[in-house]
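Trainee: Starting from these lines, generate the structure:
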Amino acid sequence: MPVFGPFAAGPPVSRTLSLGTAYRASNPALPAVVTVNITSTASISLSGGTTNSADIVVGPTNAVSGGTGSVVAKYSNSNTGTLTIGLNLSTISAVPCVFDLPAGYWFAVRQTSGTVSITSAFDQTLG
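Mentor: Predicted coordinates for the structure are as follows:
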């Protein structure tokens with residue numbers, strides 16, 4: 001196991017996550033480093049632009065899925081402004097969000113605007 005400070009990191013455990021659902025680490029008895037890869041496409045056309053955003057929330061209960069907890073990471077992909085020609089433009093943004101999860105805590109990815117996708121996720125326990 002690799003050693004990070006006083007902790008040894010376990011092997012990465014692949015996770016399948018859904019937006020707005022509370023999760024614990026693969027071993028909730030240990031703290032973990034969690035990586036969530038979020039992707040979205042923001043477009044702008046003559047009729048307007050889009051903004052896609054999400055928050056990763058951590059807390060001591062599974063209520064993080066709906067409204068409590070602390071925001072530990074923010075994701076945003078925006079394509080707004082004024083388009084003066086007849087083209088539609090899009091930006092694709094793929095961002096890894098990495099955060100520490102205390103032992104026994106919960107986390108959730110909450111979409112806050114537009115449309116975002118979780119393309120992959122994994123955690124590594126520390127202990």
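Trainee: the strands in this structure, which residues?
Mentor: Along the chain, counting by DSSP state E, strands occupy 3-4, 7-8, 13-15, 32-45, 48-59, 70-79, 89-101, 106-113, 117-125.
Trainee: What's the separation between Arg110 and Asn37?
Mentor: If you measure Arg110 against Asn37 using CB to CB, to the nearest Å, the figure is 16 Å. Heads up, the C-betas are built off the backbone N, CA and C, glycines and all.
Trainee: what's the answer for Val58, then?
Mentor: Distance from Val58 to Asn37, by CB to CB: 17 Å.
Trainee: One more: Ala8?
Mentor: For Ala8, the distance to Asn37 (CB to CB) stands at 24 Å.
Trainee: Show me which of the two is the more surrounded one.
Mentor: Shown here are Ala8 and Asn37; by other CB atoms under 10 Å, Asn37 has more neighbours (17 against 13).
Trainee: for that one, which residues make a bridge with it?
Mentor: For Asn37, the beta-bridge partners are Pro96, Ser120 (DSSP bridges).
Trainee: Indicate which one of the strands of the chain is closest to Thr21.
Mentor: Counting by CB to CB, Thr21 lies closest to strand 106-113 out of these; the figure is 6.2 Å.
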